[in-house]
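Enquirer: Got a predicted structure here, sequence first:
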Amino acid sequence: MSAKELFSNTAEREAVSLLTGKLLKKLNRTEDYTERSQVYASIAEFARRFYGDDTETAESISAIKEYVSHPENKWMRLINSVIDEADPEYAKNFLRTLGYEAFLNGTKTIRRSREIHHCNIPWLILFDPTSACNMHCIGCWSGTYGRKNSLSFEDMDRIVTEGKQLGTHLFFMTGGEPLVKKKEILKLCEKHRDCFFAAFTNSTLIDEELCEKVRRLGNLTFLLSIEGTPDTNDARRGKGHYAAVMKAMKLLRQHGIIFGTSICYTKDNIEAVTSDEFFDLLSENGAHFGFYFHLMPVGNNAAPELMPTPEQRLYMIHRLREVRSEENRHAFFPMDFQNDGEAVGGCIAGGRNYFHINASGDAEPCVFIHFSNTNIHDHSILEMLKSSLFMAYHEGQPFNRNHLRPCPMLENPQLLREMVKKTGAHQTNEESPEDVDHLCAKCDRYAEEWAPYAEEEWQKETHAVPPYENYSEEKRNHPELAGFEHADGTVSITLHH
């Protein structure tokens, strides 16, 4: 970046920080939601000026302005409740880093980087500060890793620094339990105040001192693991875990920290984690958004018998869409990693929207795909994204024309086998070695059984093509290639060296 660009970006950040502070003061001074809607509209107008007046942006901004003009609708009520509960200084930094740096400035730079480098450039990088975890949840691979590997502060700092050069300003942390290294994480957040961080955590290491530091920083949040009732949660995660999550929620809410949840749904807990009582519990305790993750049969410690049945997965699709509907009363926005594929154009892994770096430094296409042929200790972030395995993702996406079957492992296991074998990627499972055939064999039957359900559901709906999908140049120029080669819906993968 040139000195002129650096000065321009610094000045712009300062202007955004001042604007955000003024807008939040206006929001906090009034309980008149009609007046607040005018503030939200001014934020949308700022975004329009930032992005320019192209047709796509103009249409999006018009839609946002129309939506925020109705303060009585469900999601505006939700946004207002989050503003009311958040600490003002935390909310200011939250909006500046997540809103401006990641959504506006980051997205603009990322799209430019994709055109320059002709590979996937992620909006989000997920990394593991450590493989260590203080819990041993059933069906989780990391609980058996122990303290074998960790990223140093220098490793994590390099990941963030190189990510920012490409436009990435959003970084999630998992593990292991990332808060085992809370000291280094806080140091990282302090150094990179122009980035936003989130930690998937089991909640047990969240305390008063941590909350106070996070409130001051304003660029770190938490996604708390919880799975339904005390019984369904502790049956998988261990006795006392549910109480620890409730304690963490209370602390975070008291300090005005915006936080969410991370929920793994299984055959045994699917009703508990989607009940009215559960959504009430979350929203009443300050969690207003969360991610749902389908149990994946990864590792030799996996429990494939806990994978939801096709009927249960269909139920999940309908239930979460119902909760997100305007008519539903719950002040909680659930996001389904496996079933919301249409919203993001299918599989987002391999750097298309995100990728994963494990505690050994291996770059993996997805947190659930433990194969790699590149490492942060040997290669830059850009070199990782141009490695043969990541380019196979870039050229293969979408892996299925039906976005209810997005994954090259869970729903299209023959494609993961093909990519791993063609690229010579090695397995990275730290629990015990697991080759691609062993992993995919646990998905073959599931994929076969889910396919007719997914196809029937997909055919019921009308599917609009998003204006920006971030597929390879070949598929952008030839849309007929984007998922329509084979009768079963899968996509052929051609590697270009």
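Expert: Sure, I can see it.
Enquirer: What is the least confident helix or strand in the protein?
Expert: Across the helices and strands of the chain, mean confidence by mean pLDDT, DSSP states H and E is lowest for helix 3-29: a mean of 61.
Enquirer: Neighbours of His118, how many?
Expert: When counting by other C-beta atoms under 10 Å, one arrives at 12 neighbours for His118. Every residue, glycine included, has its C-beta placed from N, CA and C.
Enquirer: What separation do you get for the nearest residue to it once chain neighbours are set aside and Leu385?
Expert: Closest residue to His118 apart from its sequence neighbours, by C-beta to C-beta, 6 or more residues apart in numbering: Glu473 at 6.7 Å. Look at Glu473 and Leu385: by C-beta to C-beta, to the nearest Å, they are 15 Å apart.
Enquirer: buried stuff in stretch 88-102?
Expert: Within stretch 88-102, the residues that count as buried by 16 or more other C-beta atoms under 10 Å are 90-102.
Enquirer: Save those residues as CSV, and put in pLDDT too.
Expert: Conversion of those to CSV gives the following (pLDDT from 0 to 100):
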residue, pLDDT
Tyr90, 93
Ala91, 89
Lys92, 86
Asn93, 89
Phe94, 91
Leu95, 85
Arg96, 86
Thr97, 92
Leu98, 90
Gly99, 84
Tyr100, 85
Glu101, 89
Ala102, 90
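Enquirer: Looking at those, spot the one nearest Ser152.
Expert: Comparing the buried residues of stretch 88-102 against Ser152 with C-beta to C-beta picks out Thr97 as the nearest, at 23.7 Å.
Enquirer: which ones are touching the closest one?
Expert: The contact partners of Thr97, taken as C-beta atoms under 8 Å, 6 or more residues apart in numbering, are His169, Arg193, Asp194, Cys195, Phe196, Gly218, Asn219.
Enquirer: Now, the buried residues of stretch 88-102 that are in helices?
Expert: Mapping these onto helices (DSSP state H) picks out Tyr90, Ala91, Lys92, Asn93, Phe94.
Enquirer: OK, contacts around the last one?
Expert: By that I understand Phe94. When the contact criterion is C-beta under 8 Å, 6+ apart, the partners of Phe94 are Ala86, Phe196, Gly218, Asn219, Thr221, Ile258.
Enquirer: Closest one of the residues you listed to Gly346?
Expert: Closest approach between the contacts of Phe94 and Gly346, by C-beta to C-beta: Phe196, at 24.7 Å.
Enquirer: Now do that closest one, the pLDDT please.
Expert: Predicted confidence (pLDDT) for Phe196: 97.
Enquirer: can you list the domains in this protein?
Expert: Each structural domain of the chain that the record assigns through automatic domain parsing is listed here as a residue range: 3-106, 119-497.
Enquirer: which stretch among those domains comes nearest Arg112?
Expert: When these are compared by C-beta to C-beta, domain 119-497 sits nearest Arg112, at 7.3 Å.
Enquirer: chain center to that closest one, what's the gap?
Expert: How far domain 119-497 lies from its chain's middle: 6 Å, per C-alpha atoms, centre = their mean, to the nearest Å.
Enquirer: Okay, and which of the contacts of Phe94 map to strands?
Expert: The strands in this structure, assigned by DSSP state E, contain Phe196, Thr221 from these.
Enquirer: that older thread, determine the next helix or strand in the C-terminal direction from the least confident helix or strand of the chain.
Expert: If you walk from helix 3-29 toward the C-terminus, the next helix or strand you reach (DSSP states H and E) is helix 33-51.
Enquirer: Mind pulling up the pLDDT for the residue nearest to His118?
Expert: Value for Glu473, per-residue pLDDT: 81.
Enquirer: Use 35 as the first number from now on
Expert: OK, 35 is where the count begins now, so the last one is Glu507.
Enquirer: Quick check: it touching Asn154?
Expert: No: counting by C-beta atoms under 8 Å, Glu507 sits too far from Asn154 to count as a contact (11.7 Å).
Enquirer: Looking at the two now, which is surrounded by more residues?
Expert: More crowded of Glu507 and Asn154, by other C-beta under 10 Å: Asn154, with 28 against 12.
Enquirer: Just the C-alphas of stretch 101-119, formatted as CSV.
Expert: Extracted C-alpha coordinates of stretch 101-119, given in CSV (Å, rounded to 0.1, in the frame of the first residue of the first chain):
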residue,chain,number,x,y,z
TYR,A,101,-36.6,-2.0,5.7
VAL,A,102,-35.3,0.3,8.5
SER,A,103,-38.2,2.7,7.9
HIS,A,104,-40.5,0.3,9.7
PRO,A,105,-39.3,0.2,13.3
GLU,A,106,-42.1,-2.1,14.3
ASN,A,107,-40.8,-5.1,12.3
LYS,A,108,-39.2,-8.0,14.2
TRP,A,109,-35.5,-7.5,13.1
MET,A,110,-35.5,-3.7,13.8
ARG,A,111,-36.8,-4.5,17.3
LEU,A,112,-34.0,-7.0,17.6
ILE,A,113,-31.3,-4.5,16.5
ASN,A,114,-32.7,-1.9,18.9
SER,A,115,-32.6,-4.3,21.8
VAL,A,116,-29.0,-5.1,21.1
ILE,A,117,-28.1,-1.4,21.0
ASP,A,118,-30.0,-0.9,24.3
GLU,A,119,-28.1,-3.8,26.0
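Enquirer: how far is that stretch from where the chain is centred?
Expert: Taking C-alpha atoms, centre = their mean, the mean C-alpha location of stretch 101-119 is offset from the chain mean by 23 Å.
Enquirer: circling back: let me know which of the domains of the chain is tucked in deepest.
Expert: For the domains of the chain, average neighbour numbers computed from mean count of other C-beta atoms under 10 Å are highest in domain 153-531, which has a mean of 19.
Enquirer: circling back: quick one: which of the contacts of Phe128 is nearest Phe323?
Expert: Proximity to Phe323 was ranked across the contacts of Phe128 by C-beta to C-beta; first place goes to Ile292, at 8.8 Å.
Enquirer: didn't that closest one look like it was pressed against Asp118?
Expert: No: between Ile292 and Asp118 no contact is recorded; they are 11.4 Å apart, counting by C-beta under 8 Å.
Enquirer: Throw the buried residues of stretch 122-136 into TSV and include distance to Glu79, thanks.
Expert: As requested, the buried residues of stretch 122-136 are arranged in TSV below (distance: C-beta to C-beta, whole Å):
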residue	distance to Glu79
Tyr124	25
Ala125	20
Lys126	19
Asn127	22
Phe128	21
Leu129	15
Arg130	17
Thr131	21
Leu132	19
Gly133	14
Tyr134	14
Glu135	19
Ala136	20
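Enquirer: Pick out whichever of those residues sits closest to Ile297.
Expert: For Ile297, the nearest member of the buried residues of stretch 122-136 is Leu132. The distance, counting by C-beta to C-beta, is 21.1 Å.
Enquirer: Leaving out the residues flanking it, which one is nearest to that closest one?
Expert: Phe230 (4.4 Å).
Enquirer: That neighbour against Asn253, yeah?
Expert: Yes: with contact defined as C-beta under 8 Å, Phe230 reaches Asn253; the gap is 5.2 Å.
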